[in-house]
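**Q** give me the fold of what follows.
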Amino acid sequence: MSLSVLLRTPGVGMPRILSALLVATALSAGSVILPASAQAQQAATTPAADISVFYGHNPDSTRTIDFTAWSDVLGDIVLRVPPSTREPARGRPVQTGTRIFRGNATRYRYEANRVVYHLMDEPYEQAVHEFRVAMEALPSRIDFASLNRDQQLAYWLNLYNATVIENILARYPETHIDRTRAAGTSEGLFDAKILNVSGVPLSLNDIRLNIVYRLWDDPRVMYGFHSGTIGSPSILRSAFTGRTVWDQLDRNAAEFINSLRGVELARDTVRVSSLYSEGAHFFPDYDADLRQHLATYANAATTAELDNNLPIQADVETWLIADMTNGVIGCGGGGSPVQVSQPIGTNRVNLNNLDCYTMPTTGRILMEHVIERRIEMYRNGEIGIVRTIDLPTTDDGPAPAPVQPQGEDAPVINMSPTFGGRTPAQNREDNPEG
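**A** Next up is the predicted model:
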């Protein structure tokens, strides 16, 4: 039993953003310090919603929500950034022709997936909006308690992330998300009661802290919430689904923990993300339980830093936007829109065939790193090229139309969206890596 969430086609002939953008990438035991993050401080000032209406669930349910529409949008707008090398970005990239640098200068600037907000025109804005509206209305149109917990978790994560992207896009260009106001309000993005689900006014903090953090006693849920910042867990290029949600969270946990924005060795402490102070209740014996959790996903380099028994300090945080250009649009900002020099490695990649409206200089700096890092990973055997072969099959004619259930079990919204007149499968074949 599948419930398809409505998303109309953004427009026939609409170009896929990343297909054009990425044509060049076909290679394609101690003391504890718990500071309150800006997001947690916002939440503390906002009355919590009554979430009891969302307590119900059916553990035996086989009903599913089809998030194909959201996966298609994410596949178009999210740039996958390769895993962190655990080497901080130092200094500022060199731009020829100007001393003014408007790009991202944080030490974490080469980590975390990015949303290409600067290329999202009105059809994409409308697509994100329509998906969020359909998602917000879904629990009022079905018996939400008839779903199992995995389906419900995927719902909340997708609703949260879509709402974040919609609101940032409405305010774009932005740079610091902790200063971003929710669209149409003067309130902070995470505080404002901008959603109404089953008659309950909800903020983003309500969804994350008061619903998911309360109803799912598993620290992995932390890695499903993308706050629109480089410092948060990455936005994925596909929607969460009830069938895959825990595997997706495991992968995002590994990426986050093995990045500097997750775990970073300082002189006399192990600095970890402020995410772990907000989720402290997941770790009753905080120091020991958090170390065990981090060790579950840590690679060799991260494990070595965790094994030194320095005190943990949960204060790693950056609120800079997880976009490609740091809020720069077009050819403004001075300097050459073409030539970028960045001492990342010995491989040089020419992005000069892309105009500065498609790829502002600040975006070229990130793309050079992404491409060079992918080349490095390919040469090291960390990634490879997967080719598919169509095997001949017997044509048995069209499959019979499925019998649609009636009444309460009927699909709430039944639509198979396409983008630019193409099927999702065709789009994914054109750009499998992104």
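**Q** tell me how far residue 190 lies from residue 313.
**A** Distance, residue 190 to residue 313, using Cβ to Cβ, to the nearest Å: 23 Å. Heads up, the C-betas are built off the backbone N, CA and C, glycines and all.
**Q** those two: which is more packed in?
**A** Using other Cβ atoms under 10 Å, the more surrounded residue of residue 190 and residue 313 is residue 190, with 28 against 21.
**Q** that one reaches residue 227, doesn't it?
**A** Yes: with contacts counted by Cβ atoms under 8 Å, residue 190 reaches residue 227, the gap being 7.4 Å.
**Q** how about the strands in the stretch 1-150 of the chain?
**A** Remark: strands assigned in the stretch 1-150 of the chain by DSSP state E, counting those that start in this stretch are 2-4, 32-33, 64-66, 78-79, 94-95, 114-115.
**Q** by mean pLDDT, show me the worst of those.
**A** Lowest mean pLDDT within the strands of the stretch 1-150 of the chain: strand 32-33, at a mean of 46.
**Q** okay, buried residues for stretch 185-203 please.
**A** The neighbour-count check on stretch 185-203 (16 or more other Cβ atoms under 10 Å) flags 188-195, 197, 200, 202-203 as buried.
**Q** direction included, what does the helix or strand harbouring residue 272 pair against?
**A** Here residue 272 sits within strand 270-273, counting by DSSP states H and E. Here strand 270-273 is paired, per DSSP bridges, with strand 263-265 (antiparallel), strand 312-316 (parallel).
**Q** next secondary structure after it?
**A** From strand 270-273 onward toward the C-terminus, using DSSP H and E, the following helix or strand is helix 275-278.
**Q** tell me which other helices or strands that next one touches.
**A** The contact analysis (3 or more Cβ pairs under 8 Å, 6 or more residues apart in numbering; DSSP states H and E) places helix 275-278 against helix 38-44, strand 312-316.
**Q** for the record, mean pLDDT for the strand holding residue 272?
**A** Mean predicted lDDT for strand 270-273 stands at 97.
**Q** output it as PDB, restricted to C-alpha atoms.
**A** The C-alpha coordinates for strand 270-273 follow below in PDB (Å, rounded to 0.1, in the frame of the first residue of the first chain):
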ATOM      1  CA  VAL A 270      38.400  16.500  21.500                       C
ATOM      2  CA  ARG A 271      35.900  19.100  20.100                       C
ATOM      3  CA  VAL A 272      32.700  17.600  18.800                       C
ATOM      4  CA  SER A 273      29.600  19.200  17.200                       C
END
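**Q** what's in contact with that strand?
**A** With contact meaning Cβ atoms under 8 Å, 6 or more residues apart in numbering, strand 270-273 is reached by 30, 231, 256, 261-265, 290, 294, 305-306, 308, 310-317.
**Q** just the buried subset of these, please.
**A** Buried by 16+ other Cβ under 10 Å: 231, 256, 261-265, 290, 294, 305-306, 310, 312-317, out of these.
**Q** host element of residue 161?
**A** helix 149-171.
**Q** list the residues that contact the closest residue to residue 301 other than its chain neighbours.
**A** Nearest residue to residue 301, sequence neighbours excluded (Cβ to Cβ, 6 or more residues apart in numbering): residue 86, at 5.3 Å. By Cβ under 8 Å, 6+ apart, the contact set of residue 86 is 258-260, 301-302.
**Q** looking at those, which is nearest residue 158?
**A** Using Cβ to Cβ, residue 259 is the member of the contacts of residue 86 that lies nearest residue 158, at 23.0 Å.
**Q** that closest one: neighbour count?
**A** Neighbours of residue 259 using other Cβ under 10 Å come to 26.
**Q** and the pLDDT at it?
**A** Confidence score, pLDDT, at residue 259: 96.
**Q** now residue 112: how far from residue 259?
**A** Taken as Cβ to Cβ, the span from residue 112 to residue 259 is 7 Å.
**Q** with residue 135 instead?
**A** Separation of residue 135 from residue 259 (Cβ to Cβ) stands at 29 Å.
**Q** and if you look at residue 131?
**A** Residue 131 sits 28 Å away from residue 259, going by Cβ to Cβ.
**Q** can you check residue 247 too?
**A** The gap separating residue 247 from residue 259 is 19 Å, by Cβ to Cβ.
**Q** which one of the strands paired with strand 270-273 lies nearest to residue 146?
**A** Nearest of those (Cβ to Cβ): strand 312-316, 38.3 Å.
**Q** what about residue 163, how many residues nearby?
**A** Neighbours around residue 163, by other Cβ under 10 Å: 24.
**Q** surely it and residue 129 touch.
**A** No: using Cβ under 8 Å as the test, residue 163 is too far from residue 129 to be in contact (10.1 Å).
**Q** now residue 242: which helix or strand?
**A** Going by DSSP H and E, residue 242 is not part of any helix or strand.
**Q** check residue 250 too.
**A** helix 245-257.
**Q** show me what that helix is packed against.
**A** If you count contacts as 3+ Cβ pairs under 8 Å, 6+ apart, helix 245-257 packs onto helix 149-171, helix 286-297.
**Q** packing partners of the longest one?
**A** Counting contacts by 3+ Cβ pairs under 8 Å, 6+ apart, helix 149-171 is packed against strand 64-66, helix 68-77, helix 122-141, strand 195-197, helix 204-205, helix 245-257.
**Q** the first one packs against which elements?
**A** What that stands for is strand 64-66. Right, strand 64-66 is packed against strand 2-4, helix 149-171 by 3+ Cβ pairs under 8 Å, 6+ apart.
**Q** and for the longest one?
**A** The contact analysis (3+ Cβ pairs under 8 Å, 6+ apart) places helix 122-141 against helix 68-77, helix 149-171, strand 195-197.
**Q** now that helix and helix 68-77, what's the angle there?
**A** Relative orientation of helix 122-141 versus helix 68-77 (axes from the mean of the first three to the mean of the last three Cα atoms, to 10 degrees): 150 degrees.
**Q** buried stuff in helix 122-141?
**A** For helix 122-141, using 16+ other Cβ under 10 Å, the buried residues are 123-125, 127-132, 134-139.
**Q** residues touching residue 220, list them.
**A** 246, 249-250, 253.
**Q** possible to save the residues you listed as JSON lines with distance to residue 50?
**A** Formatted as JSON lines, the contacts of residue 220 follow (distance: Cβ to Cβ, whole Å):
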{"residue": "246", "distance to residue 50": "28"}
{"residue": "249", "distance to residue 50": "27"}
{"residue": "250", "distance to residue 50": "32"}
{"residue": "253", "distance to residue 50": "30"}
